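K.L.:
With the sequence up front, the predicted model follows.
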Amino acid sequence: MEVIKKGRTIQSLQIGIGIVDLIAKQGRPLKSSDIDNLTEISKSNLYKYLHTFTQLGILDRDKESGAYVLGSKLIEYGLAAVGHENVVDRITPYLQEINEKSLSTVVYSTWTHNGPMIIREFYANQGYNIGAQTGTLLPLLSATGKVFMAFIDEQITREWGKKELKKTPSEKINHLKEECKLICKKEISFAREPLVPSVSSVAFPVFNYKKQLLGTVTIVGFSELIPQNEDEELSRYLMSISKEISGSFGYEPHIETRINCIEQIN
């Protein structure tokens, strides 16, 4: 790894950014031994850089393999820089409307290497913040996770899906197959208290004109406020506004979608 030394620069900062750049360009998780082999940094200094970047959220370290990937903080920076197709800005008025209608926290999530991650939350006015925060990664059995499993290409979600399914009881896996079919048909997902007692969620996808999943809008709140099926009044409202949101990106409901999650769940 080459470090530029000329001019008025901070060499330690250059070295640190070089490590992040190396991980980004490799396009795969790297263990500290991999990074050590690709750089001329001493092991003691390398540990300090990796530990610092992990603490700051610049890098994430997988607990099982010990490998490093780009962290949630970099994703936040990237989204701020490119506007993420202006999705967040364009849907913010809808998030506010949904918040007022549902009296619950509303979040927007996008896909990352480590799974679905919240990048915007809204709980102003009458809504309650139940702890959903920017940077939070969401599991498969959440309403959000089910949407991503259903609509993101299987090759992209494969590793995340494998890890999540290992933690999922067999009886829930069988039920998940049927849920995926309904999610693809109805374009709405439900999760009854998947993480915290008394807290449930309902989610819907945001598509572009090719019916590619841009992200997921999720309503998270106390269970008595969250619908359990598509026949409830709030569900009907969400299914209507979801088409309005995706329509603003050129989506037309007649476009067919292959059911991805069925292929992953054996």
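P.N.:
Looks like it came in fine.
K.L.:
So, low pLDDT: which residues of the chain?
P.N.:
1-8, 78-85, 124-132, 254-266 (pLDDT under 70).
K.L.:
Mind checking which residue lies nearest the centre of it?
P.N.:
Pro116 (1.9 Å; Cα atoms, centre = their mean).
K.L.:
So it versus Pro205, what's the distance?
P.N.:
11 Å (Cβ to Cβ, to the nearest Å). For glycine as for every other residue, the C-beta is placed from the backbone atoms N, C-alpha and C.
K.L.:
got any residues that touch both of those two?
P.N.:
With contacts taken as Cβ atoms under 8 Å, 6 or more residues apart in numbering, Pro116 and Pro205 have Thr216 as neighbours in common.
K.L.:
and Ser109, that's in a strand?
P.N.:
Yes: inclusion of Ser109 in a strand is indicated when DSSP: H, G, I helix; E, B strand; the rest coil is applied.
K.L.:
so it makes contact with Glu121?
P.N.:
No: if you go by Cβ atoms under 8 Å, Ser109 and Glu121 don't touch, sitting 9.7 Å apart.
K.L.:
Counting neighbours, go ahead and name the busier of these two.
P.N.:
Neighbours were counted for Ser109 and for Glu121 using other Cβ atoms under 10 Å; Ser109 has more, 28 against 22.
K.L.:
Could you list everything that one pairs with in the sheet?
P.N.:
Beta-bridge pairing for Ser109 (DSSP bridges): Ile118, Thr216.
K.L.:
any idea how far it lies from Ile75?
P.N.:
From Ser109 to Ile75 the distance is 11 Å (Cβ to Cβ).
K.L.:
shared neighbours of those two, anything?
P.N.:
117, 119.
K.L.:
Might you report the residue contacts of the residue nearest to the centre of the chain?
P.N.:
109-110, 137-138, 142, 144-145, 148, 216.
K.L.:
6 Å - rerun?
P.N.:
109, 138, 144-145, 148 (Cβ atoms under 6 Å, 6 or more residues apart in numbering).
K.L.:
So which of those are in helices?
P.N.:
Counting by DSSP state H, the contacts of Pro116 place 144-145, 148 in helices.
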